[in-house]
Structures are given as C-alpha cells and as structure tokens.
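> whatever this is, show me its structure:
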Amino acid sequence: MLRRVLLLSASAGAGHIRAAQALEKAFAEMGEGSGERREVQHLDVLNYTNKVFRNLYSKAYIDLVNKMPEVPGWFYDKLDKPWKNERRRLALDKLNTRPLVKLLRQYQPDLIISTHFLPAEIVSWLRAKERLKSRQVIVVTDFDVHAMWLVHHYEHYFVAIDEARVYLEALGIPAEKITVSGIPIDPVFAQCKDKQEMRAKHGLAADRTTILLSAGGFGVGSVDALIAALLPLEQRAQIVAICGRNEELKERLTREASQLKPDASVLVKPFGYTKEMDELMTASDLVLGKPGGLTTCEALAKGLVFVIVNPIPGQEERNSDHLLEAGVGIRCNNLPTLAYKLDRLLSDRARFATMQENSRRMGRPNAAKEIVQQLITAYEN
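Next up, the predicted model:
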C-alpha cells in the first residue's frame, strides 16, 4: 500500500521542481473523492545539504549557464559515461547530504519518486546498505538519459521518448522496468482553452502571430538581445516576454515596449513570474528560447512551434536535436538572422501548419496523471 509517498527534486534550475509539483498535483486530483488516505510530500533535497554544496548546485549553476555555458556543457559530456564515475560521485554526494540521509531513514516512505539524479543516487545507496526499504521510481526530466540518472536499486524508470527507452535497454535496464510516459507537467496543460479568449484575457492582439519568449523561472538569458533581433520582422507579430522573477528586466522591457508605435510590425508585452503559463502558451503560436525539458513539454502540449536559439551545451542541445528531428522547430545560431528565418517560416503557412501538428503529436499533456495512475495500480494492490 502507498500510505507515504515522497517526491524528491532539486532546485538546480526550475524543471526538476516543476515535474515533482506536477506529480504532487496529479496525486491530489486522483485522490479526490476516493476516500484514500495517502500522505504525499514534496521536498527539495538541496534544503537538506550543506550551504556550499547547495550553492554549487543552484546559484553557481545558474551563473555558469549565463556567463560560461560551455563549462556545464563540458561537464555534461565528460560525465556521461554509464557506470564509470559512480563511486567518486557517490562519495561526494554522501558527504554533503547527511541531513537528507537522516530524514529518509527516519521517515521510511513506501514510495520515493525522484525527479533529479542526486536523490535517486542517495536512495539507491541506502537501499544497497539495507538502511532503507522504500521503493524508488525515477522520472527523467530531459529527453536524453544522462549517465548520472543510472542507479542500481530502483523499481521503475519513466522516460520522455522511445529513444530513451531503447538506450536504457541497451545499458541492461529490463524493458518491463521502463515506461515511455513523457515528462510530467502540470495537469492544467491538458485542459483545452480557446486561443482568442486567452489573448483577450491577457491583453494581447487577436490578429498577430504570437511569440512566447521565456527566460525561465529564474530570469536566465539575454532577453534584450532576442527582442532586438525580432524587431526587424516583416510579419505582424507580438512578443510575450516572460521575465520570471527578474523584476528589473520586466520594468526595463515595459519602458521599452511603451515606446513602440501601436502599428509597429512587432509589439512587446512583458510578464513577470506567472502561474498562468498554460494560458499564455495557449495564446501563442511559437516559443522562442532554450529548450529546457519542462518548458519544452509544456509547449508541445499546446502545439507550439519552436525557435531554438543558442541552446545550453549538454542536455538542452540534445533536447533541441530531438525537436529538430521531429519537425517541430527551427534553430538559429546567429541572432542577426533570426528575423529572416522567422519571416521565411511564417510566410510558408503549409510548413508552419505541419510543424504545429507535429508538435501536438509529440506532446504528452497527461504524463503526470499517467505516471501516478501506473504507480497506484502497481503498488496499491
């Protein structure tokens, strides 16, 4: 029986947290009216590590992504050697996660769901030492499965695409322990909402191509440069600029947007941190930026076409490869050509419609619900 379910994520970027939150919400929705007594908790494991380690995983990572993206990219490729660096990495993790180990041993949940590789590794080690009896399932939050996700003690892997399943099977993971579920996103993205109603609600023009430009939940990325590169567009468009928690950026873009003429080819509407991303994506036609796992899956659920600009080396570059192969996006490596490439795409309506259909086909809006249902079916009986 699943009396205690523990969701473990890490705030190294926003995606791992959002995936766990989506699963938490799916558990809550599926428990409504059922009379089931199930305790579901979600913890950011970095809150149970020492300060230096926590800073390395969160703030230092964001700083590197902004200033030297080639560095995390180099580490990503260097460490992607299945089963090669386990002992060294585990020794470091054990040294810095003692409060987490203590919590897990005291709480002893029936099921642990890891949406980040750090807790997955710690749980696997505790099980190997017979210091923890909890079942563990691992939800991979990128399209590729990096070597750091690989552990020895687990019940199941949930992955984004078939290629990830094939890769895990080639590494010796039994087929019956792998499910291609998609990456879990908030169940609200599965709700059908009207595009024009959402544009009206959020103060957007009804008749302009709408480009969602997301800097992510932490305000990462050169949004100013992207907007400047979009202003020469010949197609009538509007930019929904998501600034996240970066208030200074939002204020600056608001001032600049007010200086644009109402009949300009491109208009800009900045938004700060929002919990209505599903509505803004419904209102949009394209998403522009870096293809992080969660934002990508949210956009696919809404059938958006991708314009990928300078993805972070490592997981985002691999995510972009999958999107390009699936025919759901274009890539721009040189900002001065961005408006030209977008004008070409938007002027070919048949091509654009095909890409939208490909995006809807690739989307898995019900991933969180499907994962939770499978877990309840497997472990409640």
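
> all strands of the stretch 51-200 of the chain, in order?
Listed in chain order, the strands of the stretch 51-200 of the chain (DSSP state E, counting those that start in this stretch) span 111-114, 135-139, 156-159, 178-180.

> what is the mean pLDDT for the longest one?
Think strand 135-139. For strand 135-139, the mean pLDDT works out to 97.

> partner strands of that strand, with direction?
strand 111-114 (parallel), strand 156-159 (parallel) (DSSP bridges).

> looking at these, which is nearest to F352?
strand 156-159 (29.4 Å; Cβ to Cβ). Placement of C-beta: from N, CA and C, glycine included.

> contacting residues around the closest one?
Under the contact criterion Cβ atoms under 8 Å, 6 or more residues apart in numbering, strand 156-159 has outside partners 137-140, 145, 149, 165, 168, 173, 177-181, 184, 371, 378.

> now those: which count as buried?
Taking 16 or more other Cβ atoms under 10 Å as the criterion, what is buried in the contacts of strand 156-159 is 137-140, 145, 149, 165, 168, 173, 178-181, 184, 371.

> what's the most distant pair in those?
I173 and P184 (19.6 Å).

> check contacts around the closest residue to L231 other than its chain neighbours.
Distance criterion Cβ to Cβ, 6 or more residues apart in numbering; nearest residue to L231, sequence neighbours excluded, is V266 at 5.2 Å. V266 makes contacts with L230, L231, L233, R236, A237, Q238, I239, L260, as judged by Cβ under 8 Å, 6+ apart.

> from these, which is closest to R344?
L233 (11.0 Å).

> look up how far V137 lies from the spatially closest residue to S284 that is not a sequence neighbour.
Using Cβ to Cβ, 6+ apart and skipping the chain neighbours, the partner closest in space to S284 is L212 (4.0 Å). Going from L212 to V137 by Cβ to Cβ, to the nearest Å gives 32 Å.

> next: Y167.
Y167 is 18 Å from V137, by Cβ to Cβ.

> nearest to G73, of the strands of the stretch 51-200 of the chain?
Across those, closest to G73 is strand 156-159 (Cβ to Cβ), at 21.8 Å.

> gap between that closest one and the chain center?
Put simply, strand 156-159 sits 16 Å off its chain's centre (Cα atoms, centre = their mean, to the nearest Å).

> so L204, which state does it fall into?
Counting by DSSP: H, G, I helix; E, B strand; the rest coil, the backbone at L204 sits in coil.

> and it, what's its pLDDT?
At L204, pLDDT is 97.

> is it in contact with A237, as I believe?
No - L204 lies out of contact with A237 (Cβ atoms under 8 Å); the separation is 11.0 Å.

> find residues that contact each of these two.
What both L204 and A237 touch, as defined by Cβ under 8 Å, 6+ apart, is the set T210.

> domains for this structure, by residue range?
4-185+365-379, 188-362 (automatic domain parsing).

> pick out the shakiest of those domains, pLDDT-wise.
Looking at those, the weakest mean confidence is domain 4-185+365-379, a mean of 87.

> what packs against the host helix or strand of Q21?
Using DSSP states H and E, Q21 falls within helix 15-31. The helices and strands touching helix 15-31, judged by 3 or more Cβ pairs under 8 Å, 6 or more residues apart in numbering; DSSP states H and E, are strand 4-9, strand 39-44, helix 293-301, helix 367-379.

> in that helix, what counts as buried?
Buried residues in helix 15-31 (16+ other Cβ under 10 Å): 15-27, 30.

> please apply the same query to stretch 38-56.
So, applying 16+ other Cβ under 10 Å, buried residues of stretch 38-56: R38, V40, H42, L43, D44, V45, L46, Y48, T49, F53, R54.

> P365 belongs to a helix?
No - secondary structure assignment (three-state DSSP) places P365 in coil, not in a helix.

> looking at it, it is touching A301, isn't it?
Yes - assessed by Cβ under 8 Å, P365 is found in contact with A301 at 3.8 Å.

> ok, the two, which is more surrounded?
Counted by other Cβ atoms under 10 Å, P365 and A301 do not tie: A301 has more neighbours, with 26 against 23.

> which residues touch the more buried one?
I185, F189, A190, M281, G363, R364, P365.

> which one of the residues you listed has the most neighbours?
I185 (33 neighbours).

> do I have it right that that residue meets G15?
No - using Cβ under 8 Å, I185 makes no contact with G15, being 9.8 Å away.

> list residues touching both of these two?
L294.

> would you mind measuring the gap between the ends of stretch 263-274?
27 Å (Cα to Cα, to the nearest Å).
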